[in-house]
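Turn this into a model:
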Amino acid sequence: MPDAFADHPTDTPPAADHSLAVYTTLRLGGPAGTLTTAVHADEAIAAVRTASAAGRPVLVLAGGSNLVIGDAGFAGEALLLRTSGIDVVGEDPDGVVVRVAAGEAWDDFVAYTVTNGLSGVECLSGIPGSAGATPIQNVGAYGQEVAHTIVAVHAYDRIADQVRVMAPAECGFGYRTSVFKHNDRYLVLSVDFKLARSGESAPIRYAELARSLGAGTGDRVPLTLARDTVLKLRAGKGMVLDPEDRDTWSVGSFFTNPVVSEEFFATLGEMPHWPAGDGLVKLPAAWLIERAGFPKGFAGDGVAISGKHTLALTNRGAGTTEGLLDLARTIRDGVRDRFGVELHPEPVLVNCAI
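Numbers count the residues shown, from 1 in each chain. Just a heads-up that it's a prediction; the model follows:
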């Protein structure tokens, strides 16, 4: 099984049986074979190097906000990445380069940038998980992606047995993907972002956010206003972690928005869509799911579609991973039967599949 990198919910006391459920925002998943914590990058490298030499698979977790672990758990070594640090490492007339440790909570980093007048990631506020997970998924929301501002990823290369500094062109960034995803070669250690020194946001690209701000697309607004508005929008969709709100016991969007050819799109009839370049069209998965007969709150066995957001599949407290995957399969098959469009999961699946 390939290694996976998951992102970072809350600091939770380790379970006596090495249960991985306590380290995921879904609160699902069986036990790990062994559990190791790394608070420094060299400790993480040593743990991965030792496991590799012994032929043991490694699951790297920081917060588990993009991870679905099977009910049987993970028989190898689970590495809890708890590294921290945010440092300015460069500056020129075009901006500031800030290096953030992989284990640093992502939203803490975004808050740091806004507080310090650094523009470029403010629309990614409220996304759970760790900074090190963001290049793996090429995390994006409200018109921004981390690929827009990443200038380097520092990663341990298990094949070369060395730390590499990888430029964006080497990272293979695409829609919710990168060279790091589903790839056991690299352990992300830190990420460098180039941000503008400005009290105003980057140009607003996302129509929903622009409407909420009372601004036009392309306008700039104060950083704090952009962040606060994004947080309110996300909270309204159950996309800001809240231990009391079961709608947030999820991995966020479970399915990616499907991309189809223009020729196939022409057979579908009227529906929302966006150009995806090179003769491709992106479709809204949430719209497809609802029109296929799966509304908010649609329930499975101990699991359900969020009452706030159609793309979020949630654990209602007594769910299992298999129950969640059964619900995902039902939705996937229903959309395929109704539209002929295949939905694909966005999170990393460990010891399980749909």
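
Can you tell me the element the residue of the chain most remote from its centre falls in?
Within the chain, T267 marks the point farthest from the mean C-alpha position, 31.9 Å out by CA atoms, centre = their mean. Assigning secondary structure by DSSP states H and E places T267 outside every helix and strand.

All the helices of this structure, in order from the start?
Counting by DSSP state H, one finds helices in the chain at the ranges 41-54, 106-115, 134-137, 168-171, 207-213, 223-236, 262-265, 285-291, 321-339.

And the closest residue to R205 other than its chain neighbours, how far from M271?
Using CB to CB, 6 or more residues apart in numbering and skipping residues adjacent in sequence, the residue nearest R205 is G143, 2.9 Å away. All C-beta atoms are positioned from the backbone trio N, CA, C, and that covers glycine. Computed with CB to CB, to the nearest Å, the distance linking G143 and M271 is 21 Å.

more crowded one of these two?
Neighbour totals were compared for G143 and M271, and G143 leads with 19 against 13 (other CB atoms under 10 Å).

Any idea how many residues pack against the closest residue to T134 other than its chain neighbours?
Excluding its sequence neighbours, the residue lying closest to T134 (CB to CB, 6+ apart) is V146, at 4.5 Å. Using other CB under 10 Å as the criterion, V146 is surrounded by 26 other residues.

likewise I86?
By other CB under 10 Å, neighbour count at I86 equals 17.

What of S198?
One way to gauge burial is a neighbour count; for S198, by other CB under 10 Å, it gives 15.

And it, how far from V96?
10 Å.

and for those two, which residues touch both?
Taking CB atoms under 8 Å, 6 or more residues apart in numbering as the contact definition, S198 and V96 share the neighbouring residues L118.

Could you report the pLDDT at the residue nearest to T134?
Looking at V146, its pLDDT stands at 98.

list the contacts for it?
V121, L124, T134, P135, N138, V139, G140, V191, F193.

State the mean pLDDT of the longest strand along the chain.
Secondary structure of the chain per DSSP state E: the longest strand is strand 186-197. In this model, strand 186-197 has an average pLDDT of 98.
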